[in-house]
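>>> The following comprises the amino acid sequence and a computationally predicted model.
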Amino acid sequence: MKRQWLGIVLVLCLASFALTQDSSQIHALRPFNGDQVSTPCSGGGCTINYNGGPVIEKAPTIYIVYYGKWTKQDKNIIDTFFTNLGGTTMEKINTTYSDNSNKFVPNALKHSTANDYQDNYSLGKNLAGDSSIHTIVRNAINGGHLPKDPGGIYFVLTAKDVNFPGMCISLCGYHSPATDIVKGDVIWYSMVGNPAICTPSQGQCEASKVIGDGNKSPNNDPGADGTVNIMWHEFSESSSDPEVNMRTAWAGSCGESGDCCAWMWGNTKVASNGAHYNETFKGHKYLTQVMLELTSKSRNGNVPAECVNTYQKP
């Protein structure tokens with residue numbers, strides 16, 4: 001038994017090292033561990049702090065690198081979400097965040113299938129860690145597959161047959177800034193693993209499994225449906241804290257905006273296949289976590305906030 005626990009500790013340490021050796025700026029969504037979620041926001045209101053860093057002030061373009069095998073259905077589910085997210089009451093939650101120049105996160109973003117790139121395992125199926133994600137984004141830009149856009153957010157989605165250090169054990173995905181992807185520019189990016197790779201003995205990264213739906217999901221595609229939830233988490237945190245520890249913006253005792261409400265769903269409905277959902281875009285149903293909405297325009301001290309499905313601030 002002691003030997004088994006030693007092995008688990010070693011795996012966690014190696015996973016952590018694989019990330020921190022490459023970047024001290026990474027901020028990860030941790031897997032659900034099977035216990036009831038307990039955050040300062042679980043019982044209602046909570047607070048978060050502004051630390052002086054930038055927020056995203058202009059509508060970002062979302063670029064998606066599908067790394068490995070993703071089906072046409074997978075891509076349709078994911079692309080539909082981001083193509084239609086801008087201008088919604090869901091995205092409006094993020095507009096409550098501002099910076100020192102009194103600029104607020106806009107209720108707008110840009111995405112279409114023209115912003116996608118299919119990478120057919122250019123680095124193989126066993127990625128080395130965060131440095132591999134940097135290389136994947138860099139190659140997509142240098143190869144002319146995606147434009148150089150310091151105001152965009154680049155998502156690298158790893159397929160369910162791709163191994164990434166710590167996936168399902170210490171992380172489901174993360175976001176970070178990088179200065180080595182494009183020389184002279186800070187590039188915002190995110191790594192998100194397909195949650196279908198997680199086994200019952202690991203932490204859970206798939207929304208429908210966390211809420212208790214088993215193998216059911218809103219669009220009958222647990223991997224893609226679960227990926228959208230992780231992306232929503234990382235996108236929202238990128239909006240209110242794009243440069244993380246490099247120049248921290250919004251983060252407090254419960255973490256960043258997505259952490260404070262992670263694995264919490266708010267009001268849900270049940271689809272005809274028995275799966276829970278709480279958002280609908282263009283005929284697609286989605287189960288996405290609630291997000292932290294500021295209930296004050298103050299940027300001083302502990303700013304009051306609450307976890308909501310849609311914009312509630314009067």
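Thanks, I have the structure now.

>>> contacting residues for residue 256?
Taking C-beta atoms under 8 Å, 6 or more residues apart in numbering as the criterion, residue 256 is in contact with 27, 237, 240, 241, 250. In this view, the C-beta of every residue, glycine as well, is placed from N, C-alpha and C.

>>> pretty sure the second one contacts residue 261?
No. Residue 237 sits out of contact with residue 261 when judged by C-beta atoms under 8 Å, with a separation of 10.9 Å.

>>> Just the ones of the contacts of residue 256 in helices?
The members of these that map onto helices under DSSP state H are 237, 240.

>>> Out of the contacts of residue 256, which end up buried?
If you count burial by 16 or more other C-beta atoms under 10 Å, the buried members of these come out as 27, 237, 240, 241, 250.

>>> just these: which has the poorest pLDDT?
Across the set of the buried ones among the contacts of residue 256, residue 27 stands lowest in pLDDT, at 89.

>>> what about the closest residue to that residue other than its chain neighbours, how many neighbours?
Among residues not flanking residue 27 along the chain, residue 244 sits closest, at 4.9 Å (C-beta to C-beta, 6 or more residues apart in numbering). Residue neighbour count, defined by other C-beta atoms under 10 Å, stands at 23 for residue 244.

>>> And for residue 163?
One way to gauge burial is a neighbour count; for residue 163, by other C-beta under 10 Å, it gives 12.

>>> cool, and residue 88?
For residue 88, the tally of surrounding residues (other C-beta under 10 Å) stands at 14.

>>> ok, it - contacts?
107, 281, 310.

>>> and it, that's in a helix?
No. Checked against DSSP: H, G, I helix; E, B strand; the rest coil, residue 88 lies outside a helix; its state is coil.

>>> Residue 300 versus that one, what's the distance?
Distance check for residue 88 against residue 300: by C-beta to C-beta, to the nearest Å, it reads 29 Å.

>>> same deal with residue 274?
Computed with C-beta to C-beta, the distance linking residue 274 and residue 300 is 47 Å.

>>> Kindly report the same for residue 214.
With the distance defined as C-beta to C-beta, residue 214 ends up 46 Å from residue 300.

>>> And for residue 49?
To residue 300, residue 49 is 9 Å away according to C-beta to C-beta.

>>> More neighbours: which of those two?
For residue 49 versus residue 300, neighbours defined as other C-beta under 10 Å are more numerous around residue 49 (16 against 8).

>>> from memory the more buried one sits against residue 254, does it?
No. Between residue 49 and residue 254 no contact is recorded; they are 10.1 Å apart, counting by C-beta under 8 Å.

>>> Quick one: residues contacting residue 271.
Applying C-beta under 8 Å, 6+ apart, the residues near residue 271 are 218, 277, 285.

>>> helix, strand or coil for the last one?
With three-state DSSP as the basis, residue 285 sits in strand.

>>> quick one, strands of the stretch 51-200 of the chain?
Along the stretch 51-200 of the chain, counting by DSSP state E, counting those that start in this stretch, strands occupy 62-67, 116-119, 153-158, 173-178, 187-193.

>>> Now render these as TSV, adding mean neighbour count and distance to residue 202.
Below are those laid out as TSV (neighbours: other C-beta atoms under 10 Å; distance: least, C-beta to C-beta, whole Å):
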stretch	mean neighbour count	distance to residue 202
strand 62-67	25	20
strand 116-119	19	25
strand 153-158	27	15
strand 173-178	26	15
strand 187-193	27	11
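
>>> Could you dump the ones you listed into JSON lines with distance to residue 225 and mean pLDDT added?
Formatted as JSON lines, the entries for those read as follows, by distance: least, C-beta to C-beta, whole Å; pLDDT from 0 to 100:
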{"stretch": "strand 62-67", "distance to residue 225": "16", "mean pLDDT": "99"}
{"stretch": "strand 116-119", "distance to residue 225": "18", "mean pLDDT": "98"}
{"stretch": "strand 153-158", "distance to residue 225": "13", "mean pLDDT": "98"}
{"stretch": "strand 173-178", "distance to residue 225": "14", "mean pLDDT": "98"}
{"stretch": "strand 187-193", "distance to residue 225": "13", "mean pLDDT": "98"}
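
>>> can you redo these as JSON lines with distance to residue 83?
As requested, these are exported to JSON lines (distance: least, C-beta to C-beta, whole Å):
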{"stretch": "strand 62-67", "distance to residue 83": "9"}
{"stretch": "strand 116-119", "distance to residue 83": "11"}
{"stretch": "strand 153-158", "distance to residue 83": "14"}
{"stretch": "strand 173-178", "distance to residue 83": "20"}
{"stretch": "strand 187-193", "distance to residue 83": "17"}
